[in-house]
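Asks: I need the structure of the sequence given here:
(one chain, ligands or ions: 1)
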Amino acid sequence: MTDASIEWDDSFLIGIEELDYEHKVLINDINRLHLELARQDKKSEIEKCLGDIYARMQAHFALEEHVMKENQYGFFDEHKREHEKLLDGYTEYMMQILSDKVVSFSSPIEDALRYWVINHIANSDKKMSLMVQEKSLNS
Ligand code: FEO
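Replies: Now for the predicted structure:
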């Protein structure tokens, strides 16, 4: 088992400072959960990590949706739907861990979460950021 579930890579940067910061923090939190699950030491820590990630995702999506609205981003609805799917998927994952159905973070669920997070940042968030930055250059 590696120390990190997701290795931060600067190619994840989207160019909007506060959102990049939040992406980094979210990935750190996911890696913290990965370690706690590997240790299987304190269930309370695992629960805390799960809750922290959920709260972080909610707050991050709210901020990002605010940025999109302020910039009248044309793909707002599509992007918001992705956020909702991510939160739904994460909630399902969280419930499975809390009910002890999944005891390891090295699971297909983790793979799906990792894929979603990285894919969403690298594709949807980047696309949004490029359009937002282009708009601010032209205004
Ligand atoms: Fe950074 Fe669209 O989530």
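
Asks: alpha carbons only for contacts and neighbour counts from here, please
Replies: Fine.

Asks: quick check: residues of this structure near the ligand?
Replies: Neighbours of the ligand within the chain, by CA under 6 Å from any ligand atom: 61, 121, 125.

Asks: packing partners of the longest helix along the chain?
Replies: In the chain, taking DSSP state H as the definition, the longest helix is helix 43-70. For helix 43-70, the elements it packs on are helix 17-39, helix 76-98, judged by 3 or more CA pairs under 8 Å, 6 or more residues apart in numbering; DSSP states H and E.

Asks: could you dump the ones you listed to CSV with mean neighbour count?
Replies: Compiled in CSV, the helices and strands packed on helix 43-70 are given as follows (neighbours: other CA atoms under 10 Å):
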stretch, mean neighbour count
helix 17-39, 18
helix 76-98, 16
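
Asks: need these in CSV (columns: mean pLDDT).
Replies: Formatted as CSV, the helices and strands packed on helix 43-70 follow (pLDDT from 0 to 100):
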stretch, mean pLDDT
helix 17-39, 91
helix 76-98, 91
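
Asks: could you dump the ones you listed to TSV with distance to Ser129?
Replies: What follows is these, written out as TSV (distance: least, CA to CA, whole Å):
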stretch	distance to Ser129
helix 17-39	10
helix 76-98	12
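
Asks: ok, the nearest residue to His79 once chain neighbours are set aside - how many residues close by?
Replies: Computed as CA to CA, 6 or more residues apart in numbering, the closest residue to His79 that is not its neighbour in sequence is Ser124, at 6.9 Å. For Ser124, the neighbour count with other CA atoms under 10 Å is 16.
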